[in-house]
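1. Sequence below, structure please.
(chains A and B)
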Amino acid sequence: SAVISQKPSRDICQRGTSLTIQCQVDSQVTMMFWYRQQPGQSLTLIATANQGSEATYESGFVIDKFPISRPNLTFSTLTVSNMSPEDSSIYLCSVEDPESGRTYNEQFFGPGTRLTVL
Amino acid sequence: GDSVTQMEGPVTLSEEAFLTINCTYTATGYPSLFWYVQYPGEGLQLLLKATKADDKGSNKGFEATYRKETTSFHLEKGSVQVSDSAVYFCALSANFGNEKLTFGTGTRLTIIP
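-> Reported below is the predicted structural model:
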């Protein structure tokens, strides 16, 4: 298993500003994922972040809006840029299980960052 | 593309009732299937999983069987408790070296004492 922490746990931001969310894992993992959970909705993958390479973004998400860093095997950041009220969501990071490997595709999730944009 | 269709909620049951939450999927190949649970105020947790056809995942009294012929992975529990109140998400991973999860819409379950 993996223990994941996120900072901040919640924030209230003004329109037009940016917020950087941090994700820290207690084990070294190759892949980290960033998801968005809009109010009352399911989780949608924003991007996959592998250490040492550019993040891979899903359809509908772009790097200019959601830049991601992955400086090492235990840490990643997601920035929500030029925010609007539509960006109000819970943002979650997740990681593969460092023990089960790719075969099972099991993921462990952080507690999430609840973002409200006014 | 891959997709997961999940039973609409919310679902309200009395304690000790039988629970079924339906989940069907569309995917090429042989995906892995998961049920994740989100308890009030907590993060998402893996409840159970199955990685090939006819596998049965089980945990905390919950079960789900990977049915390839019906492309289904329905969640069941014989006797629910108040502590089972949560949002349940069905998900799949395509097993093509791309580890991303595709989630269903989630089903909010409330158990009444």
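2. Now do residue 66: how many residues are near it, please.
-> As the question left the chain open, I've gone with chain A. 19 (other CB atoms under 10 Å in any protein chain shown). Just so you know, the C-beta spots here come from the backbone N, C-alpha and C atoms, and that holds for glycine as well.
3. hm, I was asking about chain B
-> Count around B:Tyr66 with other CB under 10 Å applied: 21.
4. Then A:Arg114?
-> 16.
5. do the same with B:Ala64
-> Look at B:Ala64: counted by other CB under 10 Å, it has 27 neighbours.
6. A strand includes it, no?
-> Yes - per DSSP: H, G, I helix; E, B strand; the rest coil, B:Ala64 lies within a strand segment.
7. Spatially central residue in chain A, please.
-> A:Trp34 (2.9 Å; CA atoms, centre = their mean).
8. Tell me which helix or strand that one sits in.
-> Assigned by DSSP states H and E, A:Trp34 belongs to strand A:31-37.
9. ok, residue 55 - contacts?
-> Reading this off chain A. A:Ala47, A:Thr48, A:Ala49, A:Ile63, A:Ile68, A:Arg70 (CB atoms under 8 Å, 6 or more residues apart in numbering or on different chains).
10. wrong chain, I was asking about chain B
-> Contacts of B:Asp55 by CB under 8 Å, 6+ apart are B:Thr65, B:Tyr66.
11. make it 6 Å
-> Counting by CB atoms under 6 Å, 6 or more residues apart in numbering or on different chains, B:Asp55 touches B:Tyr66.
12. Can you select the buried ones from the contacts of A:Ala55 in PyMOL?
-> Listed next is the PyMOL selection for buried residues among the contacts of A:Ala55, using 16 or more other CB atoms under 10 Å in any protein chain shown:
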select buried, chain A and resi 47+48+49+68+70
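13. Out of the contacts of A:Ala55, which is nearest to A:Asp26?
-> Nearest to A:Asp26, judged by CB to CB, of these is A:Arg70 at 16.4 Å.
14. Give me the mean pLDDT for the helix or strand harbouring B:Lys49.
-> Using DSSP H and E, B:Lys49 sits within strand B:44-50. Across strand B:44-50, the average pLDDT comes to 92.
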